[in-house]
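Chemist: I'd like to go over a predicted model; first the sequence, then the structure.
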Amino acid sequence: MKAEDLIRACKQNDRKAQRVFFERHVNIMLAICIRYVKKFEDAEDVMLTGFQKFFDKINTFEFRGNGSEKAFLKKIMVNECLMLLRQQKHFLYQNEMLDNIIDAEATSLDKLAADDIFNYIVQLPAGYRTVFNLYVLENMSHKEIAIELNISEGTSKSQLNKARKALQQMIEKDSIINL
């Protein structure tokens, strides 16, 4: 079934269509939730809540071509993850000035497989991980991150810098161990 037809059926509250939609997107949405929420059980809960919100809001969704439903669903998932993190009060940011930002040029990350990078990212503290995910993976600006997380742009930059340094240290440490 084409995506547009599937969305149309979901809007008509067709349970079979909703199940097909869920099965098509469950793995990628769970992976997105795990990027933000460290515990697998919490990520599953957030994902299920996200799907429920998607189906609740589906009548406001306007299909704009293949992939538009995935983008809409992904936005819901990220927002649900952020709400959970806020509730758990994992955002312990320090107000410090940004010393320097690591250049975007080739770093140790360029040499790693996606699975390896993911394993390092989930080890980051929640604040670092969240800012890193929003900036690097969701392509949000520091201004957007600051608004979304209710922090200053400087704090967003600082958290990103610290996340990059921590990732680099983890990678270098593992490289030395694996020699």
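Modeler: Arrived safely.

Chemist: centre of the chain to the longest helix belonging to the chain, how far?
Modeler: Assignment by DSSP state H gives helix 153-177 as the longest helix of the chain. The chain centre lies 17 Å from the centre of helix 153-177; the measure is CA atoms, centre = their mean, to the nearest Å.

Chemist: report the buried residues of that helix.
Modeler: 155-164, 166-167, 170-171 (16 or more other CB atoms under 10 Å). (C-beta placed from N, C-alpha, C; glycine too.)

Chemist: any idea how far residue 170 is from the nearest residue to residue 33 once chain neighbours are set aside?
Modeler: In space, and not counting its chain neighbours, residue 33 is closest to residue 43: 4.0 Å by CB to CB, 6 or more residues apart in numbering. Between residue 43 and residue 170 the computed distance is 21 Å (CB to CB, to the nearest Å).

Chemist: quick one, what contacts the residue nearest to residue 33?
Modeler: Contact partners of residue 43, counting by CB atoms under 8 Å, 6 or more residues apart in numbering, are 30, 33, 34, 36, 37, 81.

Chemist: just the CA coordinates of the lowest-mean-pLDDT helix or strand in the chain, formatted as PDB?
Modeler: Taking mean pLDDT, DSSP states H and E as the measure, the chain has helix 114-121 as its least confident helix or strand, at a mean of 76. Coordinates of each C-alpha in helix 114-121 appear next as PDB, following Å, rounded to 0.1, in the frame of the first residue of the first chain:
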ATOM      1  CA  ALA A 114      27.300   4.000  12.500                       C
ATOM      2  CA  ASP A 115      26.700   1.300  15.200                       C
ATOM      3  CA  ASP A 116      30.000   2.300  16.900                       C
ATOM      4  CA  ILE A 117      29.100   6.000  16.900                       C
ATOM      5  CA  PHE A 118      25.600   5.100  18.300                       C
ATOM      6  CA  ASN A 119      27.200   3.100  21.200                       C
ATOM      7  CA  TYR A 120      29.400   6.100  22.100                       C
ATOM      8  CA  ILE A 121      26.500   8.600  21.900                       C
END
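
Chemist: elements contacting it?
Modeler: Applying 3 or more CB pairs under 8 Å, 6 or more residues apart in numbering; DSSP states H and E, we find helix 114-121 packed against helix 153-177.
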